[in-house]
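Visitor: my questions concern the predicted model and sequence given below.
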Amino acid sequence: PCYFLECALPPFREGDAVFIRKELADFRQGQRGAVVELDSDGDARVRFEGQDDDELIFRMDFNCIARDPLAAPQVRGTAVEFEQRSQQRARQRLTKDGARELLED
């Protein structure tokens, strides 16, 4: 079991790569994203890969997310840059059959 301890420093910073470590609402374990903003209450807006909108993760649910240890060291960027990288990775995973279907449409 994980426990979230309240501390003076927030557990995440803007730009941190994160992943869902324990299912939370509509999020499945392993989903990856990046912290876009921390609000005055300490809650985080996170942009998950493949999604157009940021999701609000309440501070009390931070035990369900963690910094992504597989992410490269963070160079602080914007949500737009994160979305561009996400789309680029999605394009790289496009198969020949998928490309053929897209071209046929």
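Guide: Noted; the coordinates are in hand. Residues are numbered from 1 along each chain as shown.

Visitor: next up, the contacts around the nearest residue to residue 57 once chain neighbours are set aside.
Guide: Nearest non-adjacent residue to residue 57, counting by CB to CB, 6 or more residues apart in numbering: residue 44, 4.8 Å away. Glycine gets a C-beta too; all of them are placed from N, C-alpha and C. Listed by CB atoms under 8 Å, 6 or more residues apart in numbering, the contact partners of residue 44 are 12, 35-38, 56-57, 59, 62, 65.

Visitor: try 10 Å
Guide: Contacts for residue 44 (CB atoms under 10 Å, 6 or more residues apart in numbering) come out as 10-14, 16, 18, 33-38, 54-59, 61-62, 65.

Visitor: got it, and residue 66?
Guide: Applying CB under 10 Å, 6+ apart, the residues near residue 66 are 2, 11-12, 16, 18-22.

Visitor: tell me the bridge partners for the residue nearest to residue 57.
Guide: Note on residue 44: beta-bridge partners by DSSP bridges are residue 38, residue 57.

Visitor: how far away is it from residue 59?
Guide: Distance, residue 44 to residue 59, by CB to CB, to the nearest Å: 8 Å.

Visitor: alright, calling it a day.
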